[in-house]
Each structure stands twice: as C-alpha cells, then as structure tokens.
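# quick one: sequence plus predicted model below, questions after.
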Amino acid sequence: MSVENEKGSYNFTSFKEGSVELERLKVQALQCWDRERDLLLRGGLKEGMHVLDPGCGPGFVSAAIAGLVGDGTVTGLEPDAGLAAVAHLTAQEEPRFRVKEGSVYSIPFADATFDLVYARFLFQHLENPAQALLELKRVVKPGGRLQVLDVDDALLIVEPEPEGLSEFIRKAREAQAAHGGDRYVGRKLPALLREAGLEPVVFEVPCITSQELGLQAFLKIISGYKLYISDSDESARLLEKVFQEAPLLQSIGTVGVFFASGQKSVT
C-alpha cells in the first residue's frame, strides 16, 4: 500500500491552504471538547492509562486527552509528515503527549502496548477499515478497549435547508469516496468492531447542534473539510450561498456522530 493510500481521503499536503485547515481542526477540537471528554470518561478513560491516538493530526485533542491521564501517556500516530511536525510542536506544551510518524496499517509498536486506542474522525478516510482495526487491536492490551468516533452524513440536518446545501454535501461525499473515504462509516462501526473480534461492542450517537455552537460556527465545522475535498469553484459558490441564506431562513442545524467501543478479550 502506498503512502498516499495510507492517508486515504485525508491527504493534508494536497490542500492549497493548509493553515486554514489547521485552524478548522483547532476550532473543531476546542468547541466540541467538553462533549468528547465526557464520552471518553464514560467509556473508561482513567488516570495512568497509556493511550494511542491514531491519525492524531496536529495533536490538539491528543494533548487535551493527555491532561486526563495523570501519570499515563498519550501517543499520537500520524502518517503525514507535515501534520506530525505540527503535532510535535503541540507536544512541547504537554509532556505526557508524544508523537510518532507512521501508518495505522503498520503501527510501529509492539503487541499489547496500549490500554486504550481512540480513533477520532479517522475511519471515514480509510480505504480498508477492517485491516486497520486488526492492526489497532494488535497493540491493545488484553482487556483494553478500542474506541472509534466518526461521521455519518445521514445524521446531518439543517432546517430550513438553504438552497445548494444538499448539492454541496453530495459533491463532497462523492469526492471523498473517490479518494477511498466513506461519509457513511459511522453506522458501520459496531459491525466492524465485532468482525475484528472485539466484544462486547457498545455505541452511542451524540449530537452537536447550532444551538450550542451558534449557526455560523456550526456551518463552518460541518463544511470545512467538505470544501477542501471537493476542491472546486462550484462547491465554493454553493457553500457561499448556504452561509448567506441560512441566517435569513433562521435555520437550525444538528449533526450526529457515532461513538463505538469494543473490548479485547483477556484470553
């Protein structure tokens, strides 16, 4: 598998304005962190754990998780050299966070290294999520947990819907699929975890709304990556129309994400 295929549909170096995408990731991480922290704590994250964050990107959430593990550690794994470099800078502010450049399909750690693996918004980009899960399972300790948070476009609603939004979403979904991604991966996560031999598998579907974030911030979060992967003037025009019309329509928005968790057998 080539390096580009390892990155799947999130090839950061292909973006024309990487700094803009970095800012989107930081805003997304900070605005949604309280909800994500609660998911992790309810899902079993504890002080002293050694956690792997595969596809950690610039490491903003990795560093936040590191603040919860006490004398444990958080290791970010990132295939893109540019993003890994940013994550190394992020790690300078958090001594419990370290970064390793590498692929989720060939993780550079021994079997049973981590108490918890948390893959956030990674699986939507993977060409072969089943293969990635088996490799992630390999590095989880017996009795440890593997958790995945990811999208499902069927759970995105803006009402009243501005003209052009459905077309914009469709174009982004097709563009991501052409690069090996899957905007409907969320609903598939419980079955993927079971097929990887993780039991029991549990899941929940938390929602983020425009009421919490404000309509403009909500629209930015749901559209940022879609615009990059579409990479077309037509998509940019459609999105501009959405931003103009949604406030006039007094639209509200909600988006749900799947959080699925499975446990590795102790035998």
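The structure has been received and is ready for your questions. Note that the coordinates shown come from a computational prediction; the quantities given were computed from them, not determined experimentally.
# for the stretch 101-250 of the chain, just list every one of the helices.
With DSSP state H, counting those that start in this stretch as the criterion, the stretch 101-250 of the chain has helices at 129-138, 165-178, 189-195, 210-213, 215-230, 233-249.
# do you know how far the residue most central in space within the chain is from G181?
Centroid-nearest residue in the chain: F121, 1.5 Å away (criterion: C-alpha atoms, centre = their mean). Per C-beta to C-beta, to the nearest Å, F121 is found 11 Å from G181. Backbone N, C-alpha and C define where each C-beta goes, glycine included.
# do E234 as well
Taken as C-beta to C-beta, the span from E234 to G181 is 20 Å.
# between these two, who's got more neighbours?
Neighbour tally, E234 and G181, criterion other C-beta atoms under 10 Å: the higher count belongs to G181, 22 against 12.
# next one: phi and psi at the more buried one?
As for G181, its main-chain torsions (degrees, to the nearest 10) stand at phi -90, psi 180.
# shouldn't S261 be in contact with Q147?
Yes - using C-beta atoms under 8 Å, S261 is in contact with Q147, at 4.4 Å.
# on that earlier part again, could the helices of the stretch 101-250 of the chain go into a markdown table alongside distance to G102 and mean pLDDT?
Conversion of the helices of the stretch 101-250 of the chain to a markdown table gives the following (distance: least, C-beta to C-beta, whole Å; pLDDT from 0 to 100):
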| stretch | distance to G102 | mean pLDDT |
| --- | --- | --- |
| helix 129-138 | 11 | 98 |
| helix 165-178 | 23 | 96 |
| helix 189-195 | 21 | 98 |
| helix 210-213 | 33 | 94 |
| helix 215-230 | 22 | 93 |
| helix 233-249 | 32 | 97 |
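# reformat those helices as CSV; add distance to F109.
Converted to CSV, the helices of the stretch 101-250 of the chain look like this (distance: least, C-beta to C-beta, whole Å):
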stretch, distance to F109
helix 129-138, 9
helix 165-178, 29
helix 189-195, 20
helix 210-213, 36
helix 215-230, 28
helix 233-249, 39
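# between the ones you listed, which one is nearest to V86?
Among the helices of the stretch 101-250 of the chain, the nearest to V86 by C-beta to C-beta is helix 215-230 (16.3 Å).
# check the offset of that closest one from the chain's centre.
14 Å (C-alpha atoms, centre = their mean, to the nearest Å).
# again with stretch 27-42
12 Å.
# next, the buried residues of stretch 108-120.
By neighbour count on 16 or more other C-beta atoms under 10 Å, the buried set for stretch 108-120 is T113, F114, D115, L116, V117, Y118, A119, R120.
# okay if I get those as TSV plus pLDDT and distance to G76?
Shown next, in TSV, are the buried residues of stretch 108-120 (pLDDT from 0 to 100; distance: C-beta to C-beta, whole Å):
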residue	pLDDT	distance to G76
T113	98	14
F114	98	12
D115	98	16
L116	98	13
V117	98	12
Y118	98	11
A119	98	11
R120	96	11
